[in-house]
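Novice: Could you look at this predicted model? Sequence included:
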Amino acid sequence: MLDANIPWQRNYKYLGVTLDKNLHFRDHIERVRNTALFYKARLGAVLGRKSKLSRRNKRTIYKMCIRTVMTYASPVFAHAAPKALHRLQVIQNKFCRAATDAHWCVRNSILHRDLELPTISKYMKDASKRFFDIAGSHPNALLRAAVDYQPPHPTHLIRRPRNVLTDPPDALTAAVESLNDVNDTHD
């Protein structure tokens, strides 16, 4: 460009999302994970086991400070590999355990139910659904056209962002939803 060589970049950060050549988002998820761990460490005294803050207030601080960092632009990378997204879920599991001061034998699904927190994959799926619903009725024709594509077969190897809406829930999400269903039937 203008008689100058442009160096090749393996990753590029654009609007807070780290893009790589194949759109695997591993570097983005790793960067987001490290940022969330940094904020969790800084808020450790407030969110920790010995904090006198109520669970409701701990959950609110987590949702406002840490989960927003982890799920910023989540409709873009929600279709990443489940193993990569599981690393974000581990951070939420650790927060739930510390916030409730639970023993190691208490299941993560019970902690999520008690704190009324959806799993990261469920939250990203809901955010993607809201995004595609809003984008589908947007006045810009180019945005509507980008949303109206047909997702490939489930057996197809290439995943697209809209595939997240048809994915079955992971084991933890299914367990939390079943516990919530049991609670709803007993109320």
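Specialist: Everything's here; your move. Numbering: from 1, shown residues only.
Novice: C-alpha only now, for contacts and for neighbours.
Specialist: Will do.
Novice: And R55, how far from G48?
Specialist: 10 Å (CA to CA, to the nearest Å).
Novice: who's more crowded, these two?
Specialist: Comparing R55 with G48 by neighbour count (other CA atoms under 10 Å), the higher total belongs to G48, at 20 against 17.
Novice: Show the contacting residues for the nearest residue to the more buried one once chain neighbours are set aside.
Specialist: Excluding its sequence neighbours, the residue lying closest to G48 (CA to CA, 6 or more residues apart in numbering) is A98, at 5.3 Å. Counting by CA atoms under 8 Å, 6 or more residues apart in numbering, A98 touches L47, G48, R49.
Novice: Just those residues: which are in helices?
Specialist: The helices, defined by DSSP state H, take in L47 from those.
Novice: Reformat the contacts of A98 as TSV; add distance to V164.
Specialist: What follows is those, written out as TSV (distance: CA to CA, whole Å):
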residue	distance to V164
L47	31
G48	33
R49	34
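Novice: and I61, how many neighbours?
Specialist: When neighbours are counted by other CA under 10 Å, I61 registers 15.
Novice: How much space separates it from Q89?
Specialist: I61 is 17 Å from Q89, by CA to CA.
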